[in-house]
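*Asks:* would you be able to build a 3D model of this:
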Amino acid sequence: MCIYALLVLSMTVGPAKKKDDRKPSDSRVYLLHADRLYFNQRLHPTAQFLVGDVQFDHEGTLMYCDSALFYEATNSFDAFGSVRMLQGDTLSLTSNILYYDGLDQMARARENVVLRHRNSTLYSDSLDYDRLYDLGYFFEGGRLVDKENELTSDWGEYSPTTREAVFNYNVRLVNPRPPKKAKSVLISDTLHYNTQTGIAHVLGPSNIDNGNSHIYSENGYYDSNTDESYLLNRSILQNGTKVLVGDSVCWNAKDSVGKAFGHVVYTDTLNKNKFTGNYALYDEKHGYAEAADSAVLIDYSQRDTFYAHADSFFLYTHHINTDSVYRMLHAYHHVRAYRVDIQMVCDSMVYDGRDSCTTMYKDPILWQEKQQLLGEMIKAWRNDSTIDSVYVINQALSVERIDSVHYNQVAAKEMHTYFEGKNPYLNVADMNVYVNYYPFDDDSLMIGMNHTETSQMKIYLKDNKVDKIWMPEASGVMYPLFLVPPEELYLENFAWFDYIRPLDKDDIFNWRPKKAGTELKESIRHTAPKQKLSEVKANENAVPTGQKANVRGAE
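*Replies:* Numbers count the residues shown, from 1 in each chain. Coordinates of the predicted model:
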């Protein structure tokens, strides 16, 4: 290389200003070898001109180059051409140009810089390596490559001691690294990355794309080895049509499982429903989800939004990825639900997507406007946005409030109500039917009370008013309004649970149990006793011989 080029490059690189807080090194930079050494007072009075296989040593760090200017007085040198710096057997630095200051222990490498440390390689065009703090940093773009990942940014630093890299501005992490097809891409403003653990810590607006999933976070961790993300500060996980938001979110991209904690909102934009609460889990591969801790199911697929609260919800998808796919929702304990036109309370609830049937268990109650339905079990079928029919099983009771004293009441073993739109048009009561009904005249004046007992009754309604009633043989009595015996005002199992009914979407959190003694006691279904063979033989021995044919075959 010509002498003039050496001088120009040395002026370009130049000795750096010393930091006030740095303690200068007392050790000397030693020249080990050069093919030629000479001085030129005119070109550079304080420099030794070195050409050919130049070698330096400083505190065990070896440096090689094709030519150099050695400033012995300042314990520094400029190196040019095929520059190499070796520190132990784990770190090497190569470049076209290097300025080394032995007092500050600072190496400034320029042009085609490559820093190798164990399984990591850092590429840049300008890199400063601080041997005192064991820190290399670049400021004109850099690329860090390790076993699995590739990271690029405008500015960054890398510490061989801690194996921590800090990248800033236009940060991009690709896993796995090219030429393999990328499975995940992380873009951020600030990223801390450990080449030993493969864990990245993002700070500031960051996006992670992993197949169908997308993550937005301003503070989180990404493990490139396991494809798991741990996200804080209301991070957002989007997987297809599902969106999961929480104070903290965990996402396993390999298993497609996400968990969220604290003020969680899980939204299914395709099916137009969401869960809120303080805990949620979603398993994409199996179509499974669960929510707990102040959990609320919100269904906004219809004109009126449906809100349901329970201690915990579980969503199952059956025959996923087939034409026979359907979903089931289980809600356990302290279930309360509210919609403008309908409210319900029960201990547990199951929704079956095959027939759009909701089944309520243990002391279920359903309200619609002034009507209340209750029994041991209630099944409600939905047709689009409205209820198609309601089936009350065992100890069924339908109550319609007229005023604070008078209630239309129907009690039966089973009851089936059919709807058209929001209005019922047929009510069928079966087995042990008891009725208290208050008819009105044409002037809307209450006439009296009709008490009826029968085996079946069908009530046809029109515009929410009784149109006609059908029943087989029945017994009953019509009481004038002011002659109704007080003991006949209410059926034996009458109950009006207005103090339990959810008042609005916020009231679903306030669990109010039935008053002691008003809970339904599940009816006992007795079965016919089965005769045992031993009993038959005993009977045969007790019967005269001529009559044994009458009991043969009893087994």
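
*Asks:* which parts of the stretch 451-555 of the chain are strands?
*Replies:* Secondary structure of the stretch 451-555 of the chain, counting by DSSP state E, counting those that start in this stretch: strands at 465-470, 474-480.

*Asks:* list the buried residues in the first one.
*Replies:* So that's strand 465-470. Ile469 (16 or more other Cβ atoms under 10 Å). The way it works is simple: take the backbone N, C-alpha and C, and place the C-beta from them, glycine included.

*Asks:* then stretch 64-82?
*Replies:* 64-71, 75-81.

*Asks:* thinking again about what came up before, now the strands of the stretch 451-555 of the chain in a markdown table, with mean pLDDT and distance to Tyr300?
*Replies:* Formatted as a markdown table, those follow (pLDDT from 0 to 100; distance: least, Cβ to Cβ, whole Å):
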| stretch | mean pLDDT | distance to Tyr300 |
| --- | --- | --- |
| strand 465-470 | 84 | 32 |
| strand 474-480 | 90 | 46 |
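
*Asks:* Leu144 is nearest to which of those?
*Replies:* strand 465-470 (78.1 Å; Cβ to Cβ).

*Asks:* export the closest one as PDB, just CAs?
*Replies:* Taking C-alpha atoms only, strand 465-470 is exported to PDB below (Å, rounded to 0.1, in the frame of the first residue of the first chain):
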ATOM      1  CA  LYS A 465    -102.500 -12.700  25.500                       C
ATOM      2  CA  VAL A 466    -104.300 -15.900  25.900                       C
ATOM      3  CA  ASP A 467    -106.300 -16.800  22.800                       C
ATOM      4  CA  LYS A 468    -107.600 -20.200  23.700                       C
ATOM      5  CA  ILE A 469    -107.000 -23.000  26.200                       C
ATOM      6  CA  TRP A 470    -107.300 -26.800  25.500                       C
END
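
*Asks:* which helices and strands sit right next to it?
*Replies:* strand 448-462 (3 or more Cβ pairs under 8 Å, 6 or more residues apart in numbering; DSSP states H and E).

*Asks:* measure how the strand it packs on sits relative to strand 474-480, angle-wise.
*Replies:* 110 degrees (axes from the mean of the first three to the mean of the last three Cα atoms, to 10 degrees).

*Asks:* how many residues are close by the residue nearest to Ile342 when sequence neighbours are not counted?
*Replies:* Excluding the flanking residues, the one nearest Ile342 by Cβ to Cβ, 6 or more residues apart in numbering is Gln368, at 5.1 Å. Residues within reach of Gln368, counting by other Cβ atoms under 10 Å, total 20.

*Asks:* what do you get for the one 10 residues further on?
*Replies:* Residue neighbour count, defined by other Cβ under 10 Å, stands at 23 for Ile378.

*Asks:* for it, what are its contacts?
*Replies:* Residues in contact with Ile378 (Cβ atoms under 8 Å, 6 or more residues apart in numbering) are 344, 346, 359-360, 364, 366, 390-393.

*Asks:* in CSV: the residues you listed, plus neighbour count.
*Replies:* Listed next are those as CSV, based on neighbours: other Cβ atoms under 10 Å:
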residue, neighbour count
Met344, 25
Cys346, 24
Thr359, 17
Met360, 27
Pro364, 26
Leu366, 25
Val390, 23
Tyr391, 20
Val392, 26
Ile393, 17
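
*Asks:* from Phe314, how far off is Val335?
*Replies:* To Phe314, Val335 is 13 Å away according to Cβ to Cβ, to the nearest Å.

*Asks:* the more surrounded of the two?
*Replies:* Val335 (24 against 17).

*Asks:* which SSE is immediately downstream of the strand or helix carrying that one?
*Replies:* Element membership of Val335, judged by DSSP states H and E, is strand 326-339. On the C-terminal side of strand 326-339, the nearest following helix or strand under DSSP H and E is strand 342-352.

*Asks:* how distant is that next one from the center of its chain?
*Replies:* Centroid displacement of strand 342-352 relative to its chain, using Cα atoms, centre = their mean, to the nearest Å, is 24 Å.

*Asks:* so what sits opposite the closest residue to Ile469 other than its chain neighbours in the bridge?
*Replies:* What sits nearest to Ile469 in space, not counting adjacent residues and going by Cβ to Cβ, 6+ apart, is Ile459, at 5.4 Å. For Ile459, the beta-bridge partners are Asn427, Ile469 (DSSP bridges).
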